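Visitor: Predicted model follows, preceded by the sequence.
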Amino acid sequence: MHYTQLIGSLFLLPCILSASACVTPNPTPAAFTNFNDNIFFFPAANAVNWKTLYARSLQLPDESLLMTWENYPAEPPLVNHPIYKSVDGGATWSNFSAIKDQVNGWGMRFQPFLYTLPQAFGGYPAGTLLAAGVSAPFSLQGGVYIDLYVSQDSAKTWNFVSHIAYGNGPEDITTGHAAIWEPFLMMYSGSLVCYFSDQRDSAHSQKLVHVTTTDLHTWSAAVDDVSYSAKNDRPGMTTVAYIASKQQYIMTYEYCGTAKCAVYYKTAPNPLNFNSATGIALVGNDTSKTVPKGSPYVIWTPNPAKTDGSGVIIASSGSLEPVLINDDSASPQGWKVVNVGQWSAYSRSLRIITVQGKKKLLFGNGGNMGDPNCNSVANGVIEVPY
């Protein structure tokens, strides 16, 4: 199944595609300032279909920033996940490196994710960079891997480490096709956890699972995190954050099918036991009861207005330019809708960074599925909302 066939079968509803897919580029911002909608990568004229999607970021110890995304130039050569770097607080970016398929001959095609090891692990020192992503052939036939790569030189070069998971494919969203998607990495209790979306269980169109490793090479069997009894329901796009003040974890996901891709969340004291927690619809507490839909992302950070160790949960979705924020309780009634000035995107990512020592919120935008002619990569840097 080629990209055009995959697009034709997308489960995303028109209502969750951003209405602001085309944005007029802003002037290049000054270094180390706050800004929004800073487009720094325009796809090639012959790029196919979505052109760019699914931006993900990372910050290095020297405060430089990395950004990667799904990239769709015409093939050959094989697609890869480009790495761009900024040394001025995200104002300007340069092409730095790329995560390339070194083992399958397929390319690195979907949903990259970047992670820094917070401790020595698997024979690598603390601070080593990891990248997970989906490798699949252009035809989307013949199998799919979620693969793990490592960099020991601050993202200059990348080397294959292991296959995290395998599906027989085809890599499309047809129920019954053994596809896998959307890796998210996190350390927990001496293991590296990889959450992902899993179509390999014939009882479900899709469910959310995780696998773990203690050595970066051998991965456990998949454990369920979210599944629904209706076979055609499709929970997807796991992200997880640690609420340090409560010693709780929060997971967000889109609930496509019965819930029409509304954003849901779960909380649990153990991030390996989300399956026993109840999914809760994430709804704004504004007068219109705003319902975010599609491709969520969640983070937690200490509240910049308080000194008691309490924090703020920040959630993004594909359907809204605003973010939704909550206190540490994650109360269903506590989600405040906050305008942040950054256009929405498919799986817009969030990261707390430091800019000259001060905490800021970084947005990473790939494109939107709504209008592939306007799919550029952009970022924004703002004060942390609370």
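Guide: Cool, the structure landed. Numbering: from 1, shown residues only.

Visitor: what ranges do the helices span in the stretch 251-386 of the chain?
Guide: Taking DSSP state H, counting those that start in this stretch to define them, one finds no helices in the stretch 251-386 of the chain.

Visitor: show me where pLDDT drops low in it?
Guide: Along the stretch 251-386 of the chain, no part satisfies pLDDT under 70.

Visitor: Now do the strands in it.
Guide: 262-268, 280-281, 297-302, 311-316, 323-326, 336-338, 349-355, 358-365, 377-382 (DSSP state E, counting those that start in this stretch).

Visitor: what's the angle from the first one to strand 297-302?
Guide: By that I understand strand 262-268. 50 degrees (axes from the mean of the first three to the mean of the last three CA atoms, to 10 degrees).

Visitor: neighbouring contacts of strand 262-268?
Guide: 225-226, 235, 243, 248-255, 274, 276-282, 291-294, 296, 298, 315, 317, 330 (CB atoms under 8 Å, 6 or more residues apart in numbering). No exception for glycine: its C-beta is placed from N, CA and C like everyone else's.

Visitor: ok, 7 Å please
Guide: Contacts with strand 262-268, where a contact means CB atoms under 7 Å, 6 or more residues apart in numbering, come from 248-255, 274, 277-282, 291-293, 296, 317, 330.

Visitor: that older thread, the strands of the stretch 251-386 of the chain: which one's closest to residue 120?
Guide: Proximity to residue 120 (CB to CB) singles out strand 349-355 among these, at 23.1 Å.

Visitor: Alpha carbons of the closest one, as PDB, please.
Guide: What follows is strand 349-355, C-alpha atoms only, in PDB (Å, rounded to 0.1, in the frame of the first residue of the first chain):
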ATOM      1  CA  SER A 349       5.500  18.200  20.500                       C
ATOM      2  CA  LEU A 350       6.200  19.900  23.800                       C
ATOM      3  CA  ARG A 351       9.500  20.200  25.700                       C
ATOM      4  CA  ILE A 352      10.700  22.300  28.700                       C
ATOM      5  CA  ILE A 353      14.100  23.800  27.800                       C
ATOM      6  CA  THR A 354      16.400  26.300  29.200                       C
ATOM      7  CA  VAL A 355      17.300  29.500  27.300                       C
END
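
Visitor: Check which residues of it are buried.
Guide: 349-351, 353, 355 (16 or more other CB atoms under 10 Å).

Visitor: got CSV for the strands of the stretch 251-386 of the chain, with distance to residue 215 too?
Guide: Listed next are the strands of the stretch 251-386 of the chain as CSV, based on distance: least, CB to CB, whole Å:
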stretch, distance to residue 215
strand 262-268, 25
strand 280-281, 35
strand 297-302, 28
strand 311-316, 32
strand 323-326, 36
strand 336-338, 42
strand 349-355, 27
strand 358-365, 30
strand 377-382, 34
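
Visitor: so which of the ones you listed gets nearest residue 163?
Guide: It is, among the strands of the stretch 251-386 of the chain and with distance given as CB to CB, strand 349-355, at 24.3 Å.

Visitor: Against which helices or strands is the closest one packed?
Guide: strand 52-59, strand 297-302, strand 358-365 (3 or more CB pairs under 7 Å, 6 or more residues apart in numbering; DSSP states H and E).

Visitor: Compare those and report which one is nearest to residue 141.
Guide: Closest among these, using CB to CB: strand 52-59, at 20.9 Å.

Visitor: just how off-centre is that closest one within its chain?
Guide: 7 Å (CA atoms, centre = their mean, to the nearest Å).

Visitor: buried set for it?
Guide: Buried-residue list, strand 52-59, by 16+ other CB under 10 Å: 52-59.

Visitor: and what of stretch 377-386?
Guide: So stretch 377-386, judged by 16+ other CB under 10 Å, has buried residues 377-382, 384-386.

Visitor: Restricting to C-alpha, output it in PDB.
Guide: Output in PDB follows, covering the C-alpha atoms of stretch 377-386 (Å, rounded to 0.1, in the frame of the first residue of the first chain):
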ATOM      1  CA  VAL A 377       8.500  22.400  10.100                       C
ATOM      2  CA  ALA A 378       8.400  25.200  12.700                       C
ATOM      3  CA  ASN A 379       9.100  25.800  16.300                       C
ATOM      4  CA  GLY A 380       8.000  28.300  19.000                       C
ATOM      5  CA  VAL A 381       9.500  29.300  22.300                       C
ATOM      6  CA  ILE A 382       7.400  30.900  25.000                       C
ATOM      7  CA  GLU A 383       7.100  31.400  28.700                       C
ATOM      8  CA  VAL A 384       5.900  28.300  30.600                       C
ATOM      9  CA  PRO A 385       2.100  28.700  31.000                       C
ATOM     10  CA  TYR A 386       0.500  28.000  34.300                       C
END
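
Visitor: Report how many residues lie close to residue 232.
Guide: 13 (other CB atoms under 10 Å).

Visitor: and it, what helix or strand is that in?
Guide: Residue 232 belongs to no helix or strand when assigned by DSSP states H and E.

Visitor: One more: residue 84?
Guide: Counting by DSSP H and E, residue 84 is found in strand 81-86.

Visitor: Off-centre distance for that strand?
Guide: From the chain centre to the centre of strand 81-86 is a distance of 15 Å (CA atoms, centre = their mean).

Visitor: now do stretch 281-290
Guide: 23 Å.

Visitor: Give me the buried positions along it.
Guide: Neighbour-count burial for stretch 281-290 flags 282-284, 290 (criterion: 16+ other CB under 10 Å).

Visitor: next one: stretch 216-236
Guide: For stretch 216-236, by 16+ other CB under 10 Å, it's 216, 219, 222, 225-228, 233-236.
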